[in-house]
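[1] sequence unavailable; structure follows:
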C-alpha cells in the first residue's frame with residue numbers, strides 16, 4: 001500500500017512518514033463489489049476497515065442506521081470492546097477498502113496514539129445510542 005494514499009485518508013492524515021510506512025505494512029487493500037456483506041451483526045470480529053472509495057450501509061437489527069463513505073471506518077467496536085459485530089455493513093457501491101486484521105489493528109492502536117484517539121472518539125460516539 002502506498003503511503004501517499006494513506007496520507008489522504010483522514011484517520012491517517014496526521015501521521016508522520018515513519019508511522020505511515022508502519023500502517024502500510026500492517027494494512028491490505030481490498031476491492032469489493034456492490035452488495036457484498038462486509039461484516040455481519042453478531043459474528044466474531046477479525047478485521048478493521050477504512051473506506052478509501054465507495055459507500056456502504058450500516059444496519060442494526062435489520063434496519064438501516066447510517067451510510068458510510070470515503071474516509072469513514074468501521075469494525076473497531078468489536079475489536080476493542082465486544083468481540084462480536086454490533087451491526088452489519090453492506091457495500092452499496094463497488095468499494096476500495098483498507099483492511100487491518102485484529103493483531104495488526106491492536107499494534108497500530110497501541111503504537112500510534114493519534115490514531116487510537118480518533119478510533120476511541122468514534123467508539124464513544126457510536127456507543128452513545130447502544
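    Nice, I can see it. Fair warning: this is a prediction, and the values are worked out from it, not measured in the lab. Numbering: from 1, shown residues only.
[2] hey, where'd the strands end up in this protein?
    If DSSP state E is used as the criterion, the strands of the chain fall at 28-32, 37-39, 47-53, 56-60, 63-68, 73-74, 88-91, 95-101.
[3] distance of residue 11 relative to residue 39?
    Distance of residue 11 to residue 39, computed by Cβ to Cβ, to the nearest Å: 17 Å. Every residue, glycine included, has its C-beta placed from N, CA and C.
[4] got the contact list for the lengthiest helix in the chain?
    Determined from DSSP state H, the single longest helix within the chain is helix 113-127. Contact with helix 113-127 is made by 11-12, 14-15, 19, 23, 73, 76-77, 80-81, 108-110, as judged by Cβ atoms under 8 Å, 6 or more residues apart in numbering.
[5] same thing with stretch 1-11?
    Against stretch 1-11 from outside (Cβ under 8 Å, 6+ apart): 12-13, 15, 17, 20-21, 23-24, 27-29, 50, 52, 71, 73, 98, 115, 118-119.
[6] and it, what's buried?
    Across stretch 1-11, burial judged by 16 or more other Cβ atoms under 10 Å covers 1, 3, 6, 9, 11.
[7] any chance of the residues you listed in CSV, plus pLDDT and distance to residue 90?
    Output for the buried residues of stretch 1-11, formatted as CSV (pLDDT from 0 to 100; distance: Cβ to Cβ, whole Å):
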residue, pLDDT, distance to residue 90
1, 79, 24
3, 88, 30
6, 89, 25
9, 88, 21
11, 84, 21
